[in-house]
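J.: pasting the sequence and the predicted coordinates here, then a few questions.
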Amino acid sequence: MRPLHDLLREAQENGVAIGHFNISDLVLLKAVFAAARERNVPVLVGLSEGEREFVGVRQIAAFVRSLREEFDFPIFLDADHTHSLAKAVEAAKAGFDWIVFDMSALPFEENVRQTKQAVEALKAINPSIIVEGEIGDIGSGSEIHDSAPDLSKGLSSPEEAQRFVASTGVEVLAPAVGNMHGMLKSMVRGETKKRLDIERIAAIKRAARVFLTLHGGSGTDDEDFRKAIAAGINVVHINTELRVAWRRGLEQGLAKQPDEVVPYKILPSAVELVRQVVASRLSLFNAPRRAAQGM
Ligand SMILES: [Zn+2]
């Protein structure tokens with residue numbers, strides 16, 4: 001299996017992005033894995049602290065590792081939005097490939113101090129683990145929001161991106177560039193789309209010269225995704241769109257078979273709807289194009 005770092009480098013060179021999808025049960029994992037195999041592209045599955053709490057840290061690590069080994073397929077595991085060193089260490093020791101160490105709610109200098117400490121501690125456990133840091137404000141909660149929070153004051157600047165990367169040693173940075181966790185109802189209905197600040201992404205890439213992750217990708221305009229990837233985004237996170245498809249698929253499975261009680265006869269409807277969303281996002285993120293802006 002090629003190391004994740006090589007796959008990231010290759011994505012950067014080819015001007016494509018690796019899709020990252022949050023999971024919190026077997027339906028979602030099966031759907032993501034099926035879509036990635038179908039498209040034959042590397043994929044990241046991520047679990048935030050709440051998602052890990054539900055599934056089990058060591059259990060999901062064993063499950064994903066078993067898929068990677070049995071199918072010789074590049075599926076990797078991320079500890080998404082980890083808010084303490086203890087939780088980060090727990091995931092690293094369980095075999096997670098990637099840690100999103102998220103201290104973005106703290107003042108900048110404190111975020112730098114704690115992230116630097118986390119990079120050192122996590123690399124000591126596994127030198128090839130990838131540590132991602134976060135700056136700026138992109139809201140919280142990958143769910144349906146009634147109104148959009150005002151995130152305009154939390155946008156990341158190229159200067160702070162450069163300083164954060166240089167001071168912490170993170171290999172991947174998650175900036176705030178118009179992206180937002182969760183979706184508005186109008187986005188779920190497809191009436192409105194999130195728009196990204198492409199110029200800001202390009203300026204951050206030039207200044208920070210690291211891999212960049214776009215969080216909160218659900219409901220984003222397709223053309224903005226293409227431009228963001230060309231400007232230097234290497235990983236795109238999708239969660240809420242999958243959760244919406246999961247619920248719809250589950251409701252369909254139950255409605256189609258009102259008297260059914262066998263989970264493996266009800267749940268495939270949910271797997272199928274989630275698989276369709278993941279497949280369409282993977283096609284968009286991995287569409288061949290000219291090389292992205294360099295590092
Ligand atoms: Zn996120």
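T.: Looks like it came in fine. Predicted model, so just to flag it, every value in this text is computed and none were measured.
J.: kindly give the local confidence score, pLDDT, for the residue nearest to residue 176 when sequence neighbours are not counted.
T.: Spatial nearest neighbour of residue 176, excluding adjacent residues (CB to CB, 6 or more residues apart in numbering): residue 136 at 2.8 Å. To be clear about C-beta, it is placed using only N, CA and C from the backbone, and glycine gets the same treatment. Looking at residue 136, its pLDDT stands at 93.
J.: just the helices in the stretch 151-295 of the chain please.
T.: 158-168, 185-188, 198-208, 222-230, 240-256, 263-266, 268-285 (DSSP state H, counting those that start in this stretch).
J.: related to what we said a few turns ago, any idea how far the residue nearest to residue 176 lies from residue 152?
T.: Note on residue 136: its distance to residue 152, by CB to CB, to the nearest Å, is 11 Å.
J.: what about those two, which has more around it?
T.: Comparing residue 136 with residue 152 by other CB atoms under 10 Å, the one with more neighbours is residue 136, at 22 against 9.
J.: next, the contact list for the more buried one, please.
T.: Counting by CB atoms under 8 Å, 6 or more residues apart in numbering, residue 136 makes contact with 104, 154, 155, 156, 175, 176, 177.
J.: how about 6 Å then?
T.: 154, 155, 156, 175, 176 (CB atoms under 6 Å, 6 or more residues apart in numbering).
J.: kindly report the same for residue 254.
T.: Counting by CB under 6 Å, 6+ apart, residue 254 touches no other residue.
J.: how about 10 Å then?
T.: Residues near residue 254 by CB atoms under 10 Å, 6 or more residues apart in numbering: 260, 266, 267, 269, 270.
J.: if I look at the residue of the chain positioned farthest from its centre, how far off is residue 265?
T.: In the chain, residue 259 marks the outermost C-alpha relative to the chain mean, sitting 37.0 Å out by CA atoms, centre = their mean. Distance of residue 259 to residue 265, given as CB to CB: 11 Å.
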